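> This is the structure alone, sequence omitted:
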């Protein structure tokens, strides 16, 4: 598929340039020396294994620091500094990508890679599908899906007490639910997991594979759009809504439709699966919390917020400084990349009592799992509801469970659980 060129409107406000964002090795070294108390911070793959230790160091000793990873960036760790940056798009641009490293897409991803004022019109097109009322209408289907998948877990456990709860429950639930909302055909679901793994999780270790998978996804979305045009019907899904919408008085271009489709795919299928998996990962190691939620199901809503705070699928997002600025006394120049470390802000001792403790009854929980400001996660209502319903049905259907082997807390990889039958 030929490289797609972004419409001029997508870049109308982004004043950074590749040249201005480059930093020489000498400058990187000097900046790193200024931040000797901070780790050479990374937030992908194995770096996540011990990332909470890094957060503690950063918050205590170097709330702003420099890392040479992913081409070099400043990190911002304190909750209030992150909130301030999220509220200041005049200083912090989401271009060239809010993701670091990016997914290697041909165009900025709409709407997360778009700055105001263009961002508002793009985001507005999606709002009707993600309001609390719209999500509420989806609840019966969510409950049905979650219960069926929980039953599948128990059926698998009848043959072998060790089950992969990620493959049987955490991953398929958001795939089924979001694919129906977005308009992705059911017969295509089996290939979605591979694209998610390669695009999101392989991009730091095997970028060629990630980019190839991204091209396949673009081609898939292009075929889906073309098929909708050739076979119009009565569709009540996001894809149909976008194809029949206008922005600034004009119809969306194919490039814009593909960008929307790409983002919705990776965001809708990955983050919620991570949240469900990490929550079950914690509960498998904490039988008292597990039982408390079974005995008090009304507490699951509160617990879900705590899992989002402490085990969030989105640990960090990138920005580019549009002008010279300063954070915690540290100068950051125009054109330099910075990362807002939501995961660190969620463990800021100035905001949270016992910040590294997972307290499933924590009430005061102003976390950053969904970001903030104009770029706050559009799907937060849906993600929250999916997580709560998933936990409700898993805990009410599956008896006591524990980790069958040591696995990382993060990602959407295998989650082997040993189901304790007869309890």
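Sure, I can see it. Quick caveat, the model's predicted, so the values are computed rather than measured.

> Low-confidence ranges, this protein, go.
Within the chain, the set of residues satisfying pLDDT under 70 comprises 1-39, 422-423.

> what about the strands in it?
Listed in chain order, the strands found in the chain under DSSP state E are 64-67, 73-76, 92-93, 162-164, 246-247, 250-251, 317-321, 325-327, 330-332, 337-340, 401-403, 416-419.

> Reformat the ones you listed as TSV; add mean neighbour count.
C-beta: built from backbone N, CA, C; applies to glycine. Output for the strands of the chain, formatted as TSV (neighbours: other CB atoms under 10 Å):
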stretch	mean neighbour count
strand 64-67	24
strand 73-76	25
strand 92-93	24
strand 162-164	19
strand 246-247	14
strand 250-251	11
strand 317-321	24
strand 325-327	16
strand 330-332	18
strand 337-340	23
strand 401-403	18
strand 416-419	21
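
> so how far is stretch 376-389 from its chain's centroid?
For stretch 376-389, the gap between its own C-alpha mean and the chain's C-alpha mean amounts to 11 Å (CA atoms, centre = their mean, to the nearest Å).

> I'd like to know which of the strands of the chain lies nearest to residue 264.
strand 246-247 (16.0 Å; CB to CB).

> Tell me the neighbouring strands of that closest one, and mark each as parallel or antiparallel.
Based on DSSP bridges, the pairing partners of strand 246-247 within the sheet are strand 250-251 (antiparallel).

> what about stretch 165-178, start to end distance?
Here the two ends of stretch 165-178 are set 19 Å apart, with distance taken as CA to CA, to the nearest Å.

> actually stretch 356-376, sorry about that
Its start and end residues considered, stretch 356-376 measures 24 Å (CA to CA).

> same check, this time on stretch 63-80
Across stretch 63-80, the terminal residues are separated by 11 Å (CA to CA).

> Pull the distance from that stretch to the chain's centre.
Its chain's C-alpha centre and that of stretch 63-80 lie 19 Å apart, by CA atoms, centre = their mean.

> right, and residue 348 touches residue 355 too?
Yes: assessed by CB atoms under 8 Å, residue 348 is found in contact with residue 355 at 6.3 Å.

> Show me what counts as buried in the longest helix anywhere in the chain.
The helix that spans the most residues within the chain, counting by DSSP state H, is helix 254-284. In terms of neighbour count (16 or more other CB atoms under 10 Å), helix 254-284 has its buried residues at 255-284.

> again with stretch 231-248
Neighbour counts using 16+ other CB under 10 Å place 237-243, 245, 247 of stretch 231-248 among the buried residues.

> between the strands of the chain, which one is nearest to residue 295?
That would be strand 401-403 among the strands of the chain, by CB to CB, at 15.9 Å.

> Adjacent strands (with direction) for that closest one?
Applying DSSP bridges, you get strand 416-419 (antiparallel) as the partners of strand 401-403.

> Identify all contacting residues around the strand it pairs with.
Identification of contacts with strand 416-419 by CB atoms under 8 Å, 6 or more residues apart in numbering yields 153-154, 157, 161-165, 280, 284, 398-405, 407.

> and if you look at stretch 401-409?
Surrounding stretch 401-409, the residues in contact under the criterion CB under 8 Å, 6+ apart are 48-49, 162, 165, 278, 280-285, 287, 290, 311, 413-420.

> what's the burial count for the residue nearest to residue 86 when sequence neighbours are not counted?
Excluding the flanking residues, the one nearest residue 86 by CB to CB, 6 or more residues apart in numbering is residue 373, at 3.5 Å. Residues contacting residue 373 under the criterion other CB atoms under 10 Å number 15.

> What's the separation between residue 373 and residue 82?
In this structure, residue 373 lies at 10 Å from residue 82, with CB to CB, to the nearest Å as the measure.

> Overlap in contacts, these two.
Counting by CB under 8 Å, 6+ apart, residue 373 and residue 82 have no shared contacts at all.

> Contacts only, for the residue nearest to residue 86.
Taking CB under 8 Å, 6+ apart as the definition, contacts of residue 373 comprise 83, 86-89.

> rerun that using 10 Å as the cut-off
Residue 373 makes contact with 82-89, 92, 116 under the criterion CB atoms under 10 Å, 6 or more residues apart in numbering.

> Can I get those residues in a markdown table including distance to residue 211?
A markdown table is the format used below for the contacts of residue 373 (distance: CB to CB, whole Å):
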| residue | distance to residue 211 |
| --- | --- |
| 82 | 30 |
| 83 | 34 |
| 84 | 34 |
| 85 | 29 |
| 86 | 29 |
| 87 | 34 |
| 88 | 32 |
| 89 | 29 |
| 92 | 27 |
| 116 | 29 |
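
> of those, closest to residue 363?
The shortest distance between residue 363 and any of the contacts of residue 373, using CB to CB, involves residue 83 and amounts to 19.7 Å.

> Count the neighbours of that closest one for me.
Residue 83 sits with 18 neighbouring residues when counted by other CB under 10 Å.

> any idea how far residue 313 is from it?
In this view, residue 83 and residue 313 are 19 Å apart by CB to CB.

> Check residue 201 too.
Residue 201 sits 12 Å away from residue 313, taking CB to CB as the criterion.

> what about these two, which has more around it?
With neighbours defined as other CB under 10 Å, residue 201 and residue 313 compare such that residue 313 has more, 24 against 18.

> What about the more buried one? Give its phi and psi, please.
Main-chain dihedrals, residue 313, degrees, to the nearest 10: phi -70, psi -30.

> That one: what's it in contact with?
Listed by CB under 10 Å, 6+ apart, the contact set of residue 313 reads 267, 270-278, 342-343, 369-370, 377, 383, 410-412.

> If we use 8 Å, what do you get?
If you count contacts by CB under 8 Å, 6+ apart, residue 313 has them with 270-272, 274-275, 278, 369.

> and what of residue 122?
The contact partners of residue 122, taken as CB under 8 Å, 6+ apart, are 110-111, 114, 247, 256.

> how about 7 Å then?
Residues counted as contacts of residue 122 (CB atoms under 7 Å, 6 or more residues apart in numbering) are 110-111, 114, 247.

> From residue 181, how far off is it?
Counting by CB to CB, the separation of residue 122 from residue 181 is 18 Å.

> Quick check, residue 302 in contact with residue 358.
No: look at residue 302 against residue 358 with CB atoms under 7 Å: they stay out of range, at 11.8 Å.

> So how do I select the buried members of the contacts of residue 373 in ChimeraX?
Here the buried members of the contacts of residue 373 are turned into a ChimeraX selection, burial being counted by 16+ other CB under 10 Å:
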select :82,83,84,85,86,89,92,116
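
> Give me the subset of the contacts of residue 373 lying in helices.
In this view, the contacts of residue 373 that belong to helices under DSSP H are 82-86.

> For the closest residue to residue 211 other than its chain neighbours, give me phi and psi.
If the residues on either side of it in the chain are set aside, residue 211 comes closest to residue 104, at 4.4 Å by CB to CB, 6+ apart. Main-chain dihedrals, residue 104, degrees, to the nearest 10: phi 70, psi 30.
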